[in-house]
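1. Give me the fold of what follows.
(one chain, ligands or ions: 1)
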Amino acid sequence: MSTPFTPPAPVYLPVAQTPTLFPVHRVYCIGRNYLAHAREMGSVVDRQRPFFFMKPADALQPSGEVPYPPATHNLHYEVEMVVALKQGGHNISCEQALDCIYAYAVGLDLTRRDLQSAAKQDGLPWDAAKGFDYSAPLSELHRIEDIGPPDARTLSLTVNGETRQQGQTDAMIHNVASIIHELSLLWLLQPGDVIFTGTPAGVGVLQVGDQFRAELAGIAVLEGRILPSIQAN
Ligand code: MN
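-> The predicted structure follows:
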């Protein structure tokens with residue numbers, strides 16, 4: 001086979017306690033999944049109609065090192081519990097959904113909040129606000145077989161040692177099973193899909209030089225920092 005250029009490398013995520021790498025298919029995200037966060041954004045929650053957006057697979061950044069993105073003056077963190085699927089399908093029931101999960105992780109749904117606000121105001125899509133390069137720093141994956149089925153957990157974020165976000169995963173409006181079910185009504189889920197499950201209240205600004213630490217208690221930790229913009233030179 002000849003190709004006009006070298007194909008992009010597949011995206012792999014490290015799996016804790018094993019040499020295994022997890023090959024990524026897609027990255028799905030749910031919006032407004034914690035009432036307190038929806039309220040702080042001035043948004044109304046329609047509990048019957050969850051909504052989703054995507055990030056490119058290569059937006060995932062397992063090192064946690066994030067260059068400050070171009071075209072924003074308001075980069076925001078959103079700490080989120082993340083699930084990785086080993087099996088997919090269409091029309092997955094809530095009862096079957098948890099069997100699809102391979103692993104849990106913690107990550108940041110980084111957001112160009114200024115672009116998102118403008119997009120909301122004008123009724124435009126969120127891609128540039130949410131799906132930019134390096135917009136999804138993510139911890140190692142922790143397999144269900146190692147951690148057991150996770151019950152309610154504390155999800156937290158510190159920036160430069162100060163707590164900025166703290167929430168309980170059982171406060172999610174749509175739980176993990178329901179998110180997988182709803183996604184499977186809209187897309188054919190596949191092994192390798194990664195799902196960001198929404199952020200609790202307390203979102204805020206990240207600046208160049210900030211060090212962050214995201215934690216899904218007892219399961220996963222992500223440490224990282226914001227580097228100078230690649231576009232600066
Ligand atoms: Mn989010």
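2. Run through who's touching the helix or strand residue 28 falls within.
-> According to DSSP states H and E, residue 28 maps onto strand 27-30. Contact with strand 27-30 is made by 50-57, 59-60, 80, 109, 130, 136, 174, 179, 183, 187, 193-198, as judged by Cβ atoms under 8 Å, 6 or more residues apart in numbering. C-beta coordinates here come from the backbone N, C-alpha and C atoms, glycine included.
3. tell me the contacts of the residue in the chain positioned nearest to the ion?
-> Nearest residue of the chain to the ion (Cβ to the ion) works out as residue 109 at 3.5 Å. Each residue near residue 109 by Cβ under 8 Å, 6+ apart is listed here: 29, 55, 78, 80, 130, 135-136, 196, 199.
4. how about 7 Å then?
-> 29, 78, 80, 136, 196, 199 (Cβ atoms under 7 Å, 6 or more residues apart in numbering).
5. Look up the closest residue to it, ignoring the ones flanking it.
-> Nearest residue to residue 109, sequence neighbours excluded (Cβ to Cβ, 6 or more residues apart in numbering): residue 78, at 4.2 Å.
6. And the one you found, how far from residue 191?
-> Distance, residue 78 to residue 191, using Cβ to Cβ, to the nearest Å: 26 Å.
7. same question, residue 168
-> Distance of residue 168 to residue 191, given as Cβ to Cβ: 29 Å.
8. now do residue 202
-> 33 Å.
9. For this protein, which segments count as helices?
-> 35-40, 94-97, 113-122, 127-130, 144-147, 176-186 (DSSP state H).
10. Include distance to residue 158, mean neighbour count and mean pLDDT when you put those helices into a markdown table, please.
-> Shown next, in a markdown table, are those (distance: least, Cβ to Cβ, whole Å; neighbours: other Cβ atoms under 10 Å; pLDDT from 0 to 100):
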| stretch | distance to residue 158 | mean neighbour count | mean pLDDT |
| --- | --- | --- | --- |
| helix 35-40 | 18 | 16 | 93 |
| helix 94-97 | 31 | 15 | 97 |
| helix 113-122 | 20 | 15 | 98 |
| helix 127-130 | 23 | 19 | 98 |
| helix 144-147 | 22 | 14 | 96 |
| helix 176-186 | 24 | 19 | 98 |
